[in-house]
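Colleague: Provided below are the primary sequence and the corresponding predicted coordinates.
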Amino acid sequence: MAHPTQLGFQDAASPIMEELLHFHDHTMMAAFLISTLVLYIITIMMTTKLTNTSSMDAQEIEMVWTIMPAIILVVIALPSLRILYLMDEMNDPHLTVKTIGHQWYWSYEYTNYEDLTFDSYMTPATDLAPGQFRLLEVDNRMVVPMESPTRMLVTAEDVLHSWAVPALGVKTDAIPGRLTQTSFIITRPGIFYGQCSEICGANHSFMPIAIESVPLSDFENWSSSMLETSL
């Protein structure tokens, strides 16, 4: 989760988010260099008579400010296209979970299991235990095994929602009547929070997402207990 006064992104918990962080740093450096160059040129133009010389009409100058932006765009576009390809790549998933957005809570269906389904509501502030986070904690977390490819099928029952977990680099629209998919691999154990990122009504800010990443053995114990409870 984000912390007070935090300026950067959350720590990455998936390979895709690590790639996004590297791309962000790469793009910010390019933007910094461009801004420095433009500021330098503006300063020179304001403090000298550069605009009154024939150098501004030179063919070489026109070639430079035409070719340089094209090169910069290619330098930014190539890693961007690579990440887009990786985000769309769907490896053979070990687990498939279908999530359905409602006003204003999420439902989860573990399609690898016959009866493993549950709703996930935000925990009211009056019911929070010490150490739990207001507006982010839920009564039933989505539990997944870490280091296992997980496919998410995302849809909605009523209006547009958006299933987003920043630490995983995942943000997928939930559209009524349409099934979209995304995937992730969580690389470490922990609890990762997100929220609906689509303005979906009066209680839009009260339908959080909580994912708990656990070792495979703990996930099998959790799924067995959930199936026993449902029976």
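Modeller: Good, I have the coordinates. Numbering: from 1, shown residues only.
Colleague: gap between Glu114 and Asp92?
Modeller: Separation of Glu114 from Asp92 (Cβ to Cβ, to the nearest Å): 21 Å. In this view, the C-beta of every residue, glycine as well, is placed from N, C-alpha and C.
Colleague: please apply the same query to Thr182.
Modeller: Separation of Thr182 from Asp92 (Cβ to Cβ): 15 Å.
Colleague: quick one, which of those two is more surrounded?
Modeller: Shown here are Thr182 and Asp92; by other Cβ atoms under 10 Å, Thr182 has more neighbours (19 against 6).
Colleague: beyond the biggest helix by length in the chain, next helix or strand please.
Modeller: Secondary structure of the chain read by DSSP state H shows that its longest helix is helix 15-47. Sequence-wise, the next helix or strand beyond helix 15-47 is helix 59-88, with elements assigned using DSSP states H and E.
Colleague: buried set for that following helix?
Modeller: Met87 (16 or more other Cβ atoms under 10 Å).
Colleague: swap in stretch 108-126?
Modeller: The neighbour-count check on stretch 108-126 (16+ other Cβ under 10 Å) flags 108-110, 116, 118, 120, 122-123 as buried.
Colleague: neighbours of Arg141, how many?
Modeller: Neighbour count for Arg141, taken as other Cβ under 10 Å: 19.
Colleague: for it, give me its contacts.
Modeller: Contacts for Arg141 (Cβ atoms under 8 Å, 6 or more residues apart in numbering) come out as 120, 191, 210-212.
Colleague: what distance do you get for it to Ser213?
Modeller: 10 Å.
Colleague: what do you get for Asp139?
Modeller: According to Cβ to Cβ, Asp139 and Ser213 sit 18 Å apart.
Colleague: again, but for Ile186
Modeller: The gap separating Ile186 from Ser213 is 4 Å, by Cβ to Cβ.
Colleague: and the helix or strand hosting Ser224, what does it pack against?
Modeller: If you go by DSSP H and E, Ser224 is part of helix 216-230. For helix 216-230, the contact count by 3 or more Cβ pairs under 8 Å, 6 or more residues apart in numbering; DSSP states H and E identifies strand 142-145 as packing neighbours.
Colleague: mind checking pLDDT for His86?
Modeller: Just so we're on the same page, residue 86 is Leu rather than His. For Leu86, the pLDDT comes out at 86.
Colleague: residue contacts, it?
Modeller: Residues in contact with Leu86 (Cβ under 8 Å, 6+ apart) are 15-16, 19.
Colleague: angle of the least confident helix or strand in the chain by mean pLDDT against helix 15-47?
Modeller: Counting by mean pLDDT, DSSP states H and E, the chain has its least confident helix or strand at helix 59-88, which shows a mean of 86. Per axes from the mean of the first three to the mean of the last three Cα atoms, to 10 degrees, the angle that helix 59-88 makes with helix 15-47 is 160 degrees.
Colleague: next secondary structure after helix 59-88?
Modeller: Next along the chain from helix 59-88, counting by DSSP H and E, comes strand 95-102.
Colleague: now the most centrally placed residue in the chain: how far from Leu160?
Modeller: What sits nearest the mean C-alpha location of the chain, by Cα atoms, centre = their mean, is Gly169, with 2.9 Å. To Leu160, Gly169 is 21 Å away according to Cβ to Cβ.
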